[in-house]
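Trainee: Model the structure of this input:
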Amino acid sequence: MYSMLKHSHSGLRWIVLALLIAAIVAAYQKMSKKDTTEAKQPFLFNLIAVHVQTLIGLVLYFISPKVQHVEGMMQSAVLRFYGMEHILMMIIAAVLVTIGYSKGKRQPAPQRYKTLFIFNLIALIIILAAIPWPFRAELGGSWF
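Mentor: Numbers count the residues shown, from 1 in each chain. This next block holds a predicted model:
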């Protein structure tokens, strides 16, 4: 079960990143063109994907061997990253996407897309910083 969840979480990352970038681009286009047509799908799909990814990540947090709350956890880069840094930054990013979506629903069209753009852009930056990329060799990350 752990292996399946780990690969799902790793593969879903690409879908989340693609949807997040699509939402940012859609918000920017709507914001800059002053277009009044509604575009809810990219933002809703982004929200759903981020929440599914977060739920899988929370399950992994409790069953992963990379998460160990032991003495000296903060001295180990791997244990600190997976036990504290990764989950904290990803939850903050998921909260930002959710707040942006919720606030955006209640605002008029031009302001809505500016809010969505800002919140999703900040979430994207946090997510990119929190992913265990392969070039961060000490964390044991992979492309998939």
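Trainee: which residues of this structure fall in helices?
Mentor: With DSSP state H as the criterion, the chain has helices at 2-33, 41-63, 77-80, 86-105, 109-130.
Trainee: and the first one, which residues are buried?
Mentor: Within helix 2-33, the residues that qualify as buried are 6, 9-10, 12-13, 16-17, 19-20, 22-24, 26-28, 30-31, counting by 16 or more other CB atoms under 10 Å. For glycine as for every other residue, the C-beta is placed from the backbone atoms N, C-alpha and C.
Trainee: How about the third one?
Mentor: Counting neighbours by 16+ other CB under 10 Å, one finds that the buried residues in helix 77-80 are L79.
Trainee: what's the model's confidence in it, averaged?
Mentor: The pLDDT scores in helix 77-80 average 81.
Trainee: again, but for the longest one
Mentor: Confidence over helix 2-33, taken as the mean pLDDT, stands at 91.
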